[in-house]
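1. predicted model and sequence follow; I will ask about them next.
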Amino acid sequence: MQDHRWLYYALLAAACAASINVFGKIGMQGLDSDLSTAVRSIVQAVFVVLFATAIGSWSKLPDLHARPLAILMVILCGIAGGLSWIFAFRALKLADVSQIAPIDKLSMPLGILLAVLILHERPSWINWTGILLIAVGAYLATWPRPKAGGDSNSLQVLSGTSDTKNPIQHSP
């Protein structure tokens, strides 16, 4: 029987990651984005240390100590993660989550490209199609939205009305 736990963990990771930008945007209103990132990182570090303690992971510490390349990669991973959040929180101070999140998710196709180049992974053509669709979707999701009250109303174009009143609004 095949182990599908990876899929459940990946879905839970996606659900948790989806909330990060929203919580961050709300939480750092009126605060410095770098300070917010630092506090977030401390909370995350404490949480992960407590989690590792609860499940007994510290007993495996000698395994990491015996592998200097692994230590270097874990350190680089931590630095990359920290930089990612510094830049993400700075972006969230300047734009909407609906603009930042799609660009942030370009990490998926970029990560796969790195996996191909460095780890020699070989996605199939259908995988490449999905990767391309994600990149195109990120581009389309960040297109400018019509301004409220502007003369360009996408609903009017779709409905065929040329009246300046919103076609969905009904007069009493």
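-> That came through, no problem.
2. on contacts alone, who are the packing partners of the biggest helix by length in the chain?
-> For the chain, the longest helix by residue count, based on DSSP state H, is helix 68-94. Judged by 3 or more Cβ pairs under 8 Å, 6 or more residues apart in numbering; DSSP states H and E, the packing partners of helix 68-94 are helix 5-27, helix 33-55, helix 61-65, helix 97-104. Just so you know, the C-beta spots here come from the backbone N, C-alpha and C atoms, and that holds for glycine as well.
3. buried stuff in that helix?
-> For helix 68-94, burial by neighbour count (16 or more other Cβ atoms under 10 Å) applies to W85, I86, A88, F89, A91, L92, K93.
4. that one to helix 97-104, inter-axis angle?
-> Counting by axes from the mean of the first three to the mean of the last three Cα atoms, to 10 degrees, helix 68-94 lies at 150 degrees to helix 97-104.
5. what's the mean pLDDT across helix 68-94?
-> Helix 68-94 shows a mean pLDDT of 92.
6. now T142: how far from L7?
-> Per Cβ to Cβ, to the nearest Å, T142 is found 28 Å from L7.
7. what about these two, which has more around it?
-> Using other Cβ atoms under 10 Å as the criterion, T142 and L7 rank with T142 on top: 16 against 9.
8. isn't the more buried one right next to P102, touching?
-> Yes: counting by Cβ atoms under 8 Å, T142 does reach P102; the two are 5.5 Å apart.
9. domain assignment for this structure?
-> Structurally, the chain divides into domains by automatic domain parsing as follows: 11-95, 105-144.
10. out of the ones you listed, which gets nearest to D3?
-> D3 sits nearest to domain 11-95 of all these, at 14.8 Å, using Cβ to Cβ.
11. and the closest one, how far apart are its ends?
-> In domain 11-95, first residue to last residue: 26 Å (Cα to Cα, to the nearest Å).
12. try stretch 48-62
-> 19 Å.
13. what about R67, neighbour count?
-> Neighbours of R67 (other Cβ under 10 Å): 12.
14. which residues does stretch 28-41 contact?
-> Stretch 28-41 is touched from outside by G24, G27, G82, W85, I86, F89, R90, L92, K93, with contacts defined as Cβ atoms under 8 Å, 6 or more residues apart in numbering.
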